[in-house]
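Participant: fold the following and give me the result.
(one chain, ligands or ions: 1)
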Amino acid sequence: MVLDPFTLLVITAAMAAASALYLAAEWGIVRERSLLLWSAGFALVTVGSSLALLRSSGYMLFGIWFPNGLLIVAHWLFLAGVAGFTRVRLPHAWWLLAVVWLAMLLLPDGPWWSKAMMCVQSLLIALIAVRAGLLLRPQDGALSVGAAQLRFVLLAHGLFYLAKAVSTMAPDAIVNLASFRGAVIQISLVEGVMAIMLLAMSMTGTERHRREERIAQIAARDPLTALDNRRALYLRAPQLLEQASPASPGALLLIDIDHFKQVNDLHGHDAGDRLLLALSDLIRAALPQGALAARLGGDEFVILLRNVSGAAAQALGQGLREAFAQQARAMFATPEPVSLSIGATLFDQPDMELSHWLKRADEALYASKRKGRDRMELVPVANGRAD
Ligand SMILES: Nc1nc2c(ncn2[C@@H]2O[C@H](COP(=O)(O)OP(=O)(O)OP(=O)(O)O)[C@@H](O)[C@H]2O)c(=O)[nH]1
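Facilitator: Below is the predicted model of the structure:
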């Protein structure tokens, strides 16, 4: 079945309108600016395609110039949406595209000029679409499936317009914009319909993936310190625990602030929060490559180290205790010194669960509290090797 240009334009307008509404509805839920820009782009395609229907009635300005201009603005909005999504600032030079397009209004009538106009128009769209596709370059080799799809669709769309620009200038290419004649016009209408569908789908997919990632991140983070929370620790720990062996043990440090309640009671809850933040910064700074740190809740933190000796674990705990005690002293005066008690255990059995090692470290923590606080108690591995 071969669809005539009129029908294809009606389909284009309908699909672009549906895409604009769909993306606007998504924007209504998440308020992500990119979705609004993409929705506005499709709204312009809807208006442009509807106006293009006037061509056959001889309305050159509203039937040809306006739709072409709107198509460029629509692609520009797609690019701005991608730039917003990838947090890239577009240089002001991109506004020059509008100048180039407006300059085309000065072109005289005639078949040759019609071809030239379509060639420049296609080049402008190709440039914008390819730029948008390139903005979605994978960083650190990572690009979500949705974003990779959007990149592919934008690049393919851009390359199609590049081919269109070249083919319009071929000697035997028939381009009659007023009567929709010529294979180039037919093919590009079909491509337009398909591109709308694929772009709208991958744009929503891209944004949804990011939203899901953000939700997963929020669910895994402690809101005050932005360290992993208990839930995230239980999810991530097994991978680290499995690496332990008698030849390469790991260590779990359970850290608790001493007399933290006095900071809250004497200086207020906000002061207590600031101290928790200071401790989380110290922990982050002390964390070796591949280690995990989490806030279990209240004033209790955990560090999981892999491939570490007892002496190295002791040194890390000691460094933390000294740095924290000094910082706490400088920040808040309290009747009792605010310091750190640490209960730690080495582990070398990969099949044991986190809760097992946490229990051992908790017993060690209790011992260090009982012995007067501001100290670290380390339980050696089962064979007694602690360094
Ligand atoms: N500022 C602040 N305080 C919190 C937060 N979560 C728990 N706390 C408080 O932390 C304190 C923890 O109590 P404890 O660990 O029993 O008190 P402590 O004075 O440190 O006692 P020792 O550990 O025995 O030295 C309680 O006063 C809680 O109200 C928080 O997010 N912010």
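
Participant: going forward, measure contacts between C-alpha atoms and count neighbours the same way
Facilitator: OK.

Participant: now the closest residue to the ligand within the stretch 101-250 of the chain: phi and psi?
Facilitator: Distances between the stretch 101-250 of the chain and the ligand by C-alpha to the nearest ligand atom are smallest at Leu224, namely 7.0 Å. Dihedral pair for Leu224: phi -80, psi -50, per degrees, to the nearest 10.

Participant: Ile303 too?
Facilitator: phi -120, psi 130.

Participant: for it, which residues are in contact?
Facilitator: Counting by C-alpha atoms under 8 Å, 6 or more residues apart in numbering, Ile303 touches Leu252, Leu253, Leu254, Ala291, Leu292, Ala293, Ala294.

Participant: got it, and Leu79?
Facilitator: With C-alpha under 8 Å, 6+ apart, Leu79 has these contacts: Ile128, Ala129, Arg131, Ala132.

Participant: 6 Å - rerun?
Facilitator: By C-alpha atoms under 6 Å, 6 or more residues apart in numbering, the residues touching Leu79 are Ala132.

Participant: give me the distance between Ala367 and Leu106.
Facilitator: 87 Å (C-alpha to C-alpha, to the nearest Å).

Participant: again but with Ser34, I slipped
Facilitator: As judged by C-alpha to C-alpha, Ser34 and Leu106 stand 34 Å apart.

Participant: also Glu213?
Facilitator: Counting by C-alpha to C-alpha, the separation of Glu213 from Leu106 is 49 Å.

Participant: which of the contacts of Ile303 lies closest to Trp357?
Facilitator: Nearest to Trp357 among those is Leu252, at 7.1 Å by C-alpha to C-alpha.

Participant: which residue, neighbours along the chain excluded, lies closest to Leu233?
Facilitator: In space, and not counting its chain neighbours, Leu233 is closest to Ala294: 6.3 Å by C-alpha to C-alpha, 6 or more residues apart in numbering.

Participant: hang on, the one you found in a strand?
Facilitator: Yes. Secondary structure assignment (DSSP: H, G, I helix; E, B strand; the rest coil) places Ala294 inside a strand.

Participant: what parts of the chain come near the ligand?
Facilitator: 257-262, 264, 269-270, 272-273, 298-299 (C-alpha under 6 Å from any ligand atom).

Participant: centroid-nearest residue for this protein?
Facilitator: Arg210 (5.1 Å; C-alpha atoms, centre = their mean).

Participant: helix or strand: which one has that residue?
Facilitator: If you go by DSSP states H and E, Arg210 is part of helix 183-220.

Participant: run through the neighbouring helices and strands of the lowest-mean-pLDDT helix or strand in the chain.
Facilitator: Least confident helix or strand of the chain, by mean pLDDT, DSSP states H and E, is helix 60 with a mean of 70. Helices and strands touching helix 60, as assessed by 3 or more C-alpha pairs under 6 Å, 6 or more residues apart in numbering; DSSP states H and E, are absent.

Participant: could you look up the next helix or strand downstream of it?
Facilitator: helix 66-85.

Participant: next, the buried residues of the helix or strand just after that following helix.
Facilitator: Remark: after helix 66-85, the chain's next helix or strand is helix 96-103, criterion DSSP H and E. Within helix 96-103, the residues scored as buried using 16 or more other C-alpha atoms under 10 Å are Leu97, Trp101.

Participant: downstream neighbour of helix 96-103 in the secondary structure list?
Facilitator: Counting by DSSP H and E, what follows helix 96-103 is helix 111-135.

Participant: low-confidence bits of this protein, can you list those?
Facilitator: Along the chain, the model assigns pLDDT under 70 to residues 1-2, 139-142, 171-182, 382-387.

Participant: break it down into its domains, please.
Facilitator: Partitioning the chain according to automatic domain parsing yields domains covering residues 5-220, 230-379.
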